[in-house]
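Colleague: Give me the fold of what follows.
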Amino acid sequence: MFEIIFLIAVSLYFLQSFLFVAGAGKKYKKIPEDKLPEISVIVAARNEEDNILNCLKSLDKLIYPENKIEIIIVNDKSTDCTEEIVKGFIAGKPKFKVITTEKTIGNLKGKTNALANGLEVARGEVILTTDADCTVSPTWAKAIASYYQNDVAMVCGYTSQETWNQFTGMQMLDFMYLLTVAAGSMNFNRPLSCIGNNMSYRKSVYKEVGGYESIPFSVTEDFKLLKTIFKLKKYKIIYPLDPEALVVSKPCNDWKTIYWQKKRWGVGGLDSDIDGYLVMSSGFIANICILLTPFLFSASALYLTIFKISVDFFSLYPVLKKFNLTSRLKYFLSFELYFLAYVIILPILVITNRKVLWKGRSY
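Modeller: Have a look, this model is predicted:
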């Protein structure tokens, strides 16, 4: 009986993984360079004195028509030297501006309120967002903006992570795996998730849904906005696999930070529709079966375990190859152990307690 359940779970897992990789590989047309829209890049920063300078340096190198780009840094009530660092760097650079979240818009909290403050003053037709602990490639803005055909409302991109050991490597592979799931499902018009540090959308569509203040609060504001725009059923939302649109973020420094990051994502994921819960359930059951395999001494269960691990490897490989990151597969076994643990533990944590701590705030 166990083997039958395991076989069904792994078969479903394989099928969805195949679809995710196929969806992630979809190609999209680009608009000519002379048709690039006016854009506003928004970065919400709270107590990022250790990270913000590298982010600013990368943004300063963006290749984009000077008369069509502005970069807005929103100081989200930082209590460290973030604001001073920003002001010092952007002096004499007219495409940059810095604002502070002086007011609360509607009932918004934290980062969502900071982004809403930035959006109020943004003049771009297309909004791009990234985080203060990220660096962007010089081609990032141009690559993302070039996908804005007339019927496109949102374009998301991939985020990798800095990697130098097993601990950071497992996080990087996890990011790429989860974003392949996000890209694959979105490109089949069944969006399951996105990530706000490499995200863009039309400001007109943002206004059409009433802005963040009209959307029920979520600790994953990016996912909530995605779902709200998708419900309009009027525009395309795409997730191209484009190396020129890559963002690189810093990994979590310790297990405690990983815990709160995953819990925040898990709590935000409770807003998922039936497709999201089916995907999560498939992974949960398959990994539970793997965890039980050593206690059953079953050859068929062992073969299914090897097959499931192979599915994960070959789901990651084509994406990593596209980004010239296949060398990171040396961290694959660490990722598999990490993935096995949190896919099983996270649902239990979220069901029993939905409290989230992030950036010094409790939600």
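
Colleague: Please parse the chain into its domains.
Modeller: Structural domains annotated on the chain: 1-27+147-353, 30-139, as defined by automatic domain parsing.

Colleague: Report the distance from stretch 142-156 to the chain centre.
Modeller: In terms of Cα atoms, centre = their mean, to the nearest Å, the centre of stretch 142-156 is set 17 Å apart from its chain centre.

Colleague: Just the terminal-to-terminal distance for it.
Modeller: 13 Å (Cα to Cα, to the nearest Å).

Colleague: same question, stretch 230-249
Modeller: By Cα to Cα, one end of stretch 230-249 lies 26 Å from the other end.

Colleague: Report the buried residues of that stretch.
Modeller: 230, 235-242, 244-249 (16 or more other Cβ atoms under 10 Å). Bear in mind the C-beta positions are built from the backbone N, C-alpha and C, glycine included.

Colleague: how far does it sit from the chain's center?
Modeller: Distance of stretch 230-249 from its chain centroid, counting by Cα atoms, centre = their mean, is 10 Å.

Colleague: again, but for stretch 18-26
Modeller: Worked out by Cα atoms, centre = their mean, stretch 18-26 lies 17 Å from the chain centre.

Colleague: With stretch 212-227 instead?
Modeller: 14 Å.

Colleague: could you give me the average pLDDT of it?
Modeller: Taken as a whole, stretch 212-227 has a mean pLDDT of 83.

Colleague: ditto for stretch 124-135
Modeller: 96.

Colleague: next one: stretch 236-254
Modeller: pLDDT averaged over stretch 236-254 gives 95.

Colleague: what about it, how long is it end to end?
Modeller: OK, stretch 236-254 end separation, Cα to Cα: 38 Å.

Colleague: And the helices in the stretch 251-363 of the chain?
Modeller: 255-269, 274-292, 299-322, 332-352 (DSSP state H, counting those that start in this stretch).

Colleague: Please report how far D151 lies from A182.
Modeller: D151 is 21 Å from A182, where distance means Cβ to Cβ, to the nearest Å.

Colleague: which strands and helices sit next to the helix or strand that contains T228?
Modeller: Assessed by DSSP states H and E, T228 sits inside helix 221-230. Other elements packing on helix 221-230 under the criterion 3 or more Cβ pairs under 8 Å, 6 or more residues apart in numbering; DSSP states H and E are helix 110-121, strand 152-156, strand 199-202, helix 203-208, strand 236-238, helix 255-269.

Colleague: Show residues contacting that helix.
Modeller: Residues from elsewhere that reach helix 221-230 (Cβ atoms under 8 Å, 6 or more residues apart in numbering): 111-112, 115, 129, 153-154, 156, 191, 193-196, 199, 201, 205-206, 209, 212, 215-216, 218, 235, 237, 268-269, 271, 273.

Colleague: Please apply the same query to stretch 283-301.
Modeller: 2-3, 5-7, 9-10, 13, 302, 304-305, 308, 339-340, 343-344, 347.
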